[in-house]
Structures are given as structure tokens and as C-alpha cells.
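K.L.:
Sequence first, predicted coordinates after that:
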Protein chains: 2
Amino acid sequence: MEKINIDNKLKLFQDHWNPRIIGELNGQQVKLAKLKGEFVWHSHEKEDELFYVIKGILKMEFRDRVEILQPGEMIIVARGVEHKPVAEEEVHVMLFEPASTINTGEIENEKTRKKLEII
Amino acid sequence: MEKINIDNKLKLFQDHWNPRIIGELNGQQVKLAKLKGEFVWHSHEKEDELFYVIKGILKMEFRDRVEILQPGEMIIVARGVEHKPVAEEEVHVMLFEPASTINTGEIENEKTRKKLEII
């Protein structure tokens, strides 16, 4: 139960689309991820997902619209809603979501990460 | 399901020790609070609580030690653990905790807030 410094944690990994776990509480996990490029369209059947932008500009595409997020902005993607994160330049995000959440949701492909590292 | 800008939300209130709700997901709430001065010693029987510092320096006192948090740092206070937040100068924090969480935990006093405003 010690403090967690986000910048220091972000220095511990460089790869994209591979979230790390930095904390857990009430069955939820706090994760950090570096994003670059386009992710896959997906949804999470049972999990709402929060994206908080730390660095860069995150484009969150929905089927009917797009949200552009700057650092200091967040979005909560409700369960069942298809979304596709896009990062034209590198983006750093903090995620809050249930421990059960798989990054690619109902899709399984080369970006799927089932065992996340705790840092 | 629109983006949330933290700085804009923080402009909507000025009072201390009175968290506002800015989002909800998976039975958890995301809150913002402005802190100044000393809070009360308390614990939460069933809720782990995350404090993420946006502005200022937060001193989190425990019975056996103190953690000093700068902006960009967070701490997860486990359920049952007595703690007392102290802000010598004004501090802005984001909280992530179950919707059932009462700010003063098992204590009820003039700082207790049971009905939080959604902003």
C-alpha cells in the first residue's frame, strides 16, 4: 500500500497495446498502456471501461461518431458498445476496468493479451 | 458517453472535502474533490479507495507512517485501514471507489457527505 508514481511506471515498458497492471481495488484493476496506431473494433460484454489520457491525443471511434481526447480527459465506454482506439502519435493512457477485462473484448487476434504483467 | 475534461469539472466547485461524482462504471464511481486542511481519521469497512493527485501535495497519514503524494501519483487505501488525508495547501484529487463509499467511512460528523452532486 505504497504510493504509485505514474511517470516512473511508464518508463518500465515501451511496447504498444500491451497494458500493465499497476493497482487493484474492489475487483477492478488500474492499468497503464502505450498506444500507437489503430486497434481493432471490439466491445466488452460485461465490462465498462475507463480511458484517462496522460499523454498524446486519443481518438476513440464509435460506430456513429468519434471522440478526440487530450491529456487530462477521460471517457467511459459502456459495456456492449463497439469502439476502436486510434493513436496517430504515441498515446499513454490509464485504464480502470474489472479484473476480468480482456483488451480485445470478444475478439481474439494477435493483439489479444490475456496474462498482463504487474509492474 | 462523452469525454470528460477534468480541469473543466474542477472549475465547477470550490468547496473543500465535498466530492463530486463525474462518472460511474461497474458499480464504482469516479469523483473529484478539493481538499484543504486536515480530514478525520477514518476507515471504510468494505471499500478500497484510490486517491490520484491532480494538483498540490497530499499527505496521507496512516497510524504507522505517512505517504507524501505529488501530482501524477496515486495510492490505494485498502478497506479497514485507518487513514487521514491532510492538505497543507489546496489539493485536487480524483477518487475511484465503490458507489457505496461514504467520505468519512465509519465516522459521522460535520464533514460527512452522503448525497453527492453529479457534475
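P.N.:
Done, it's in. The model shown is predicted, which means the values in this text are computed figures rather than measured ones.
K.L.:
Could you use CA atoms for every contact and neighbour count after this?
P.N.:
Fine.
K.L.:
Tell me the secondary structure of the residue nearest the centre of chain A, please.
P.N.:
Note on chain A: the residue nearest the mean C-alpha position is A:Leu95, at 4.7 Å, using Cα atoms, centre = their mean. Following DSSP: H, G, I helix; E, B strand; the rest coil, we place A:Leu95 in the strand state.
K.L.:
what is it paired to in the beta sheet?
P.N.:
Under DSSP bridges, the beta-bridge partners of A:Leu95 are A:Lys31, A:Phe51.
K.L.:
can you pull the pLDDT of it?
P.N.:
At A:Leu95, the model reports a pLDDT of 97.
K.L.:
now what about stretch A:91-100, what contacts it?
P.N.:
A:24, A:27-36, A:47-58, B:26 (Cα atoms under 8 Å, 6 or more residues apart in numbering or on different chains).
K.L.:
Just the buried subset of these, written out for PyMOL, thanks.
P.N.:
Buried members of the contacts of stretch A:91-100, defined by 16 or more other Cα atoms under 10 Å in any protein chain shown, are picked up in PyMOL with:
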select buried, (chain A and resi 24+28+29+30+31+32+33+34+35+36+47+48+49+50+51+52+53+54+55+56+57+58) or (chain B and resi 26)
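K.L.:
Now do the nearest residue to A:His42 once chain neighbours are set aside against chain B, distance only.
P.N.:
Sequence neighbours aside, A:Glu82 is the residue nearest to A:His42 in space, at 5.2 Å (criterion: Cα to Cα, 6 or more residues apart in numbering or on different chains). Noted for A:Glu82: a distance of 12 Å to chain B, by Cα to the nearest Cα, to the nearest Å.
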